[in-house]
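Student: Using only what follows, build the 3D model:
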Amino acid sequence: MTDFRVVPAGDSAIVVEFEERIDPAVNARAISLAEAIEGDALAGVRDVVPAYRSVAIYFDPLRTDYDRLLTGVHEHARAAPAADAAAVPPIRIPVCYGGDFGPDLPAVAKFGQVSEDEVIRIHTDSVYRVFMLGFVPGFAYMGIVDTRIAAPRHPTPRVRVPSGAVGIAGVQTGIYPAETPGGWQLIGRTPARPFDAARPDPFLLKAGDAVQFYAIDRGEYGRLT
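Tutor: From the prediction side, this is the model:
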């Protein structure tokens with residue numbers, strides 16, 4: 001008996017699913033499996049995408065040895081670690097909290113029945129895990145947010161959320177890498193660029209990274225922009 005399942009997704013993709021919960025150990029297994037499949041470099045495999053507790057594998061059915069792919073998936077999934085082999089040092093990201101940069105900071109404070117300064121302290125005290133990237137290029141879904149400030153999404157999303165906005169949605173926190181619609185609770189803004197196509201590596205963050213935010217004032221934000 002296995003604690004994962006392999007689900008066909010059409011004729012050119014399969015999805016490997018682990019336990020259905022947001023959990024660092026489960027996510028570590030998904031990332032480990034994705035890295036192992038990529039390491040196999042099997043002909044025809046087009047992309048391997050880890051998520052919170054699953055891995056999607058896209059392949060060319062005319063070029064890929066499907067049986068060999070499935071055999072590798074089962075072997076790697078059984079061998080995948082239940083936790084990270086070693087803790088990674090956090091990537092530190094500056095955030096200017098509140099004001100017009102963080103219009104939802106008062107609402108998050110009200111949700112947690114704490115002060116706005118306490119929301120900032122709680123948000124910056126935690127080290128967050130990047131569980132997955134999605135939505136738009138460079139958008140990292142990070143957690144786990146302290147339950148005291150884990151305010152839910154807005155019922156109606158904003159039409160425009162500016163690039164660099166830092167938000168909370170339940171146990172998740174994240175940075176908008178581009179101006180897009182969005183329903184997260186906006187508590188600040190960072191001058192960091194999660195995605196920049198001009199960089200040798202466009203992505204600032206990847207699945208499995210650790211992140212810690214730290215507070216800066218408006219002047220420092222301007223100097224770093």
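
Student: so what's the most centrally placed residue in the chain bridging to?
Tutor: Centroid-nearest residue in the chain, with CA atoms, centre = their mean: residue 141, separated by 2.4 Å. For residue 141, the beta-bridge partners under DSSP bridges are residue 132.

Student: Isn't it up against residue 132?
Tutor: Yes: with contact defined as CB atoms under 8 Å, residue 141 reaches residue 132; the gap is 5.1 Å. Bear in mind the C-beta positions are built from the backbone N, C-alpha and C, glycine included.

Student: okay, and the common contacts of those two?
Tutor: residue 52 (CB atoms under 8 Å, 6 or more residues apart in numbering).

Student: and the residue in the chain sticking out farthest from the centre, what does it touch?
Tutor: Using CA atoms, centre = their mean, the residue of the chain lying farthest from its centre is residue 62. It sits 32.5 Å away. Residue 62 sits next to residue 44 when contact means CB under 8 Å, 6+ apart.

Student: who's in contact with stretch 152-159?
Tutor: 169-170, 181-185.

Student: What residues sit buried inside that stretch?
Tutor: For stretch 152-159, the neighbour count (16 or more other CB atoms under 10 Å) marks 154, 158 as buried.

Student: pLDDT averaged over that stretch, what's the number?
Tutor: Mean pLDDT, stretch 152-159: 97.

Student: quick one: low-confidence parts of the chain?
Tutor: Residues of the chain that meet the criterion pLDDT under 70 lie in 1, 80-87.

Student: Have a look at it and report its longest helix.
Tutor: helix 24-40 (DSSP state H).

Student: Kindly export it (C-alpha atoms) in PDB.
Tutor: C-alpha atoms of helix 24-40 as PDB (Å, rounded to 0.1, in the frame of the first residue of the first chain):
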ATOM      1  CA  PRO A  24       6.100  21.400   5.000                       C
ATOM      2  CA  ALA A  25       6.900  17.600   5.100                       C
ATOM      3  CA  VAL A  26       4.300  16.700   2.400                       C
ATOM      4  CA  ASN A  27       5.600  19.600   0.300                       C
ATOM      5  CA  ALA A  28       9.200  18.400   0.700                       C
ATOM      6  CA  ARG A  29       8.200  15.000  -0.700                       C
ATOM      7  CA  ALA A  30       6.600  16.700  -3.700                       C
ATOM      8  CA  ILE A  31       9.600  18.800  -4.400                       C
ATOM      9  CA  SER A  32      12.000  15.900  -3.900                       C
ATOM     10  CA  LEU A  33      10.000  13.800  -6.400                       C
ATOM     11  CA  ALA A  34      10.000  16.600  -8.900                       C
ATOM     12  CA  GLU A  35      13.700  17.000  -8.700                       C
ATOM     13  CA  ALA A  36      14.200  13.300  -9.100                       C
ATOM     14  CA  ILE A  37      12.000  13.100 -12.200                       C
ATOM     15  CA  GLU A  38      13.900  16.000 -13.700                       C
ATOM     16  CA  GLY A  39      17.200  14.300 -12.900                       C
ATOM     17  CA  ASP A  40      16.100  11.200 -14.800                       C
END
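
Student: Mind listing what's buried along it?
Tutor: So for helix 24-40, counting by 16+ other CB under 10 Å, buried means 26-37.

Student: Touching stretch 99-117 from outside, list them.
Tutor: Residues from elsewhere that reach stretch 99-117 (CB under 8 Å, 6+ apart): 96-98, 118-120, 122, 148-149, 151, 165-168, 185-189, 218, 221.
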